[in-house]
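K.L.:
3D model of this:
(chains A and B)
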Amino acid sequence: MRKLSRLSPFNIASLALGLAFLYLPILILVIYSFNASRLVTVWGGWSLRWYHEFFNDRAMIEAAWMSLRVAVTSATIATLLGTLAAVALSRGEHFRGRTLFSGMLYAPLVMPEVITGLSLLLLFVALNAERGFWTVTIAHTTLTTCFVAVVVQSRLGSLDRSLEEAAMDLGCDPVRAFAMVTLPLIAPAIVAGWMLAFTLSLDDLVIASFTTGPGSATLPIRIYSEVRLGVKPEINAICTLVIALIAVVIVIASLASKLSSSQGESAAPL
Amino acid sequence: MSSRRIFARPARFAAIAPYVWMALFFLVPFAFVLKISLSQTAIAQPPYEPVFDLTAGWDALKAAFAALSLDNFRLLVSDDLYVFAYVRSLTVAVTATALLLLIGYPIAYGMARLPKRWQAVAMVLVIVPFWTSFLIRIYAWINILQHDGLLNQILLALHLVSQPVVWLSTDSAMYIGIVYSYLPFMILPLYATLAKMEPSLEEAAGDLGAPPWQVFWLVTFPLSLPGVGAGVLLCFIPIVGEFVIPDLLAGSNSLMIGQTLWLEFFTNKDWPVASAAAIVLLVVLLVPLLLYERLQKRQLEQGG
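P.N.:
Predicted structure coming up:
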């Protein structure tokens, strides 16, 4: 009898090709960021020249700093709101306006970014709000709250509710039971949600372009305007630094989810 | 009263803050888009009229309402530029989604056939590029596809071509970029359904004499349809509104609706027409959006 479910050479080949397709372009970019040559495509030996160039580029550094501040602030607010929303949806049973609530919460997940960006800009103009750090932060919070909610909600769903009930049988009020029992158990998912919100904010170009004002460009906006003018080797260096930062974030997030699986529960997704 | 019910009350209060936030920054802005799509372009700040002035009294408000019109929508339907942009967006999205399915399926299938331990590793490997900035990934492809880029260097060195091939600013470059960016969105839902599938079903079909292609076509593929649906919608919807990838990789001769909207807004400063274009885009996407929601609900009910 032939076992069809076994790994065939075709399976292995498609996996290997697929992963090569996903990783080779990024690898090439990282290697070329250490290229000494001014021409992006000619290899001129190893050098840190373009990293120097980046650290002396005031506009780029300012944009990077702006992006980091926006990402940290919006990820923090989104984590708070997203966790609250996840608790309401998974523990609040049926409350008034639940359908509208979950609809609003998850719509940004699938909405084209141009529409979200456009609508927020129109709101800010109507409110006569000065566009800059806070408008981008609000926009990113709105975008990322649903991602946090998804991650935390799936963790809450897999949690054994008898733990909460036991705490309350022992005399805890619900808020205390949540703080002492539930919160530590979902903490890794909350950390993972924050990381996801952070990287999404760091990544966003379209919504930030709509909601920022003159003089407060984020890093993707600056990179984008540079790339449109033509390829510059400095961009390779900046991109490599961003990849390194995100790699650190992923390592922390995976450690957090490992922590959660060692507590005897299934690991949070992502 | 069970403790479960006691827990529900404070949990409902948890909804207040996110509820207010999303209403304020998600729902209300759409009302503005709708209103401005019915307004006229004006050389003013903000560049549209009428502007509702709530302090001016009821009559002024009524007059402002009367000034709203469907002119912008008529313009969208009658202007070839927009009609082409919508058609092009849908064509690109259909083609790219088909390519994604063709490329993503064998990868997801291979992942699902790995030993359990390696499946987790493969999944992390597929997710990691998703965490890497999409702008950086597109930029990486510009490096490879440009005139004297790596791809042409390799092709020339292998004597496969005698002249550098123009890759950048073509539709092929755009499709490479889109497939590259959205591949994880296609692989993950496909893998999720394929990994859950009972291998004995395929074995049984094989034992009953079906050749491998028949096993795949009559057993594996139909059973993976929920994953196919989720993957297709997850890719199709955002690709229709895609702006950055076609802008950086495709030629400038035919625009997608995301680019047209962006140009109308930032270059022509025609906010009312841009808003109307956004509303039409939303209506176009409402069908797959609702389909997606129904699919998700069904999967939740099945305990997926």
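
K.L.:
Find the residue closest to residue 254 in space, skipping its chain neighbours.
P.N.:
In the absence of a named chain, chain A is used. B:Val124 (7.5 Å; CB to CB, 6 or more residues apart in numbering or on different chains). For the C-beta atoms, the positions are set from N, CA and C on the backbone; glycine is no exception.

K.L.:
wait, chain B
P.N.:
Nearest one to B:Ser254, counting by CB to CB, 6+ apart, is B:Arg88 at 5.4 Å.

K.L.:
ok, now which ones touch the residue in the stretch 1-150 of chain A positioned nearest to chain B?
P.N.:
Here the stretch 1-150 of chain A gets closest to chain B at one residue, A:Pro112, 2.6 Å apart by CB to the nearest CB. Neighbour list for A:Pro112: B:Ile237, B:Pro238, B:Val240, B:Gly241, B:Gly258, B:Leu281, B:Leu285 [criterion: CB atoms under 8 Å, 6 or more residues apart in numbering or on different chains].

K.L.:
and the first one, how far is that from A:Asp160?
P.N.:
So the one you mean is B:Ile237. Distance, B:Ile237 to A:Asp160, by CB to CB, to the nearest Å: 35 Å.

K.L.:
Mind checking which of those two has more residues around it?
P.N.:
B:Ile237 (20 against 11; other CB atoms under 10 Å in any protein chain shown).

K.L.:
wait, that one sits on B:Val287?
P.N.:
No - contact criterion CB atoms under 8 Å: B:Ile237 and B:Val287 do not qualify, at 10.1 Å.

K.L.:
can you pull the contacts of the nearest residue to A:Ala237 once chain neighbours are set aside?
P.N.:
In space, and not counting its chain neighbours, A:Ala237 is closest to A:Trp50: 3.8 Å by CB to CB, 6+ apart. Counting by CB under 8 Å, 6+ apart, A:Trp50 touches A:Ser33, A:Phe34, A:Asn35, A:Pro233, A:Glu234, A:Asn236, A:Ala237.

K.L.:
what's the closest of those residues to A:Leu84?
P.N.:
Nearest to A:Leu84 out of those is A:Ala237 (CB to CB; 39.8 Å).

K.L.:
surely that closest one meets A:Tyr51?
P.N.:
Yes - with contacts defined as CB under 8 Å, A:Ala237 counts as touching A:Tyr51 at a distance of 4.7 Å.

K.L.:
and residue 182, how many residues sit next to it?
P.N.:
As the question left the chain open, I've gone with chain A. A:Thr182 sits with 21 neighbouring residues when counted by other CB under 10 Å.

K.L.:
sorry, should have said chain B
P.N.:
Neighbours around B:Tyr182, by other CB under 10 Å: 25.

K.L.:
Name the residue closest to the centre of chain B, please.
P.N.:
B:Pro238 (1.1 Å; CA atoms, centre = their mean).

K.L.:
and it, how far is that from chain A?
P.N.:
6 Å (CB to the nearest CB, to the nearest Å).

K.L.:
now the stretch 1-150 of chain B, which segments are flagged as low pLDDT?
P.N.:
For the stretch 1-150 of chain B, applying pLDDT under 70 flags the ranges B:1-9, B:41-45, B:51-57, B:60-61, B:63-67.

K.L.:
can you map out the helices along it?
P.N.:
Residue ranges of the helices in the stretch 1-150 of chain B, as given by DSSP state H, counting those that start in this stretch, are B:3-13, B:16-22, B:28-37, B:58-66, B:71-78, B:80-112, B:116-131, B:134-145, B:150-157.

K.L.:
CSV for these, including mean neighbour count?
P.N.:
CSV is the format used below for those (neighbours: other CB atoms under 10 Å in any protein chain shown):
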stretch, mean neighbour count
helix B:3-13, 16
helix B:16-22, 19
helix B:28-37, 20
helix B:58-66, 12
helix B:71-78, 15
helix B:80-112, 19
helix B:116-131, 15
helix B:134-145, 22
helix B:150-157, 15
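
K.L.:
related to what we said a few turns ago, quick check: which element contains the residue nearest to the centre of chain B?
P.N.:
Element membership for B:Pro238, per DSSP states H and E: helix B:225-240.

K.L.:
go on, B:Ala192?
P.N.:
Here B:Ala192 sits within helix B:171-196, counting by DSSP H and E.

K.L.:
Who are the packing partners of that helix?
P.N.:
Helices and strands touching helix B:171-196, as assessed by 3 or more CB pairs under 8 Å, 6 or more residues apart in numbering or on different chains; DSSP states H and E, comprise helix A:9-32, helix B:80-112, helix B:116-131, helix B:134-145, helix B:225-240, helix B:244-249.

K.L.:
if I look at B:Leu102, how far off is B:Ala276?
P.N.:
36 Å.

K.L.:
hmm, back to that, only the buried subset of the contacts of A:Trp50, as a ChimeraX command please.
P.N.:
Selection of buried members from those for ChimeraX, criterion 16 or more other CB atoms under 10 Å in any protein chain shown:
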select /A:33,34,35,233,234,236,237
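
K.L.:
Same list (the contacts of A:Trp50) but as CSV, adding pLDDT.
P.N.:
Output for the contacts of A:Trp50, formatted as CSV (pLDDT from 0 to 100):
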residue, pLDDT
A:Ser33, 84
A:Phe34, 86
A:Asn35, 80
A:Pro233, 80
A:Glu234, 83
A:Asn236, 84
A:Ala237, 88
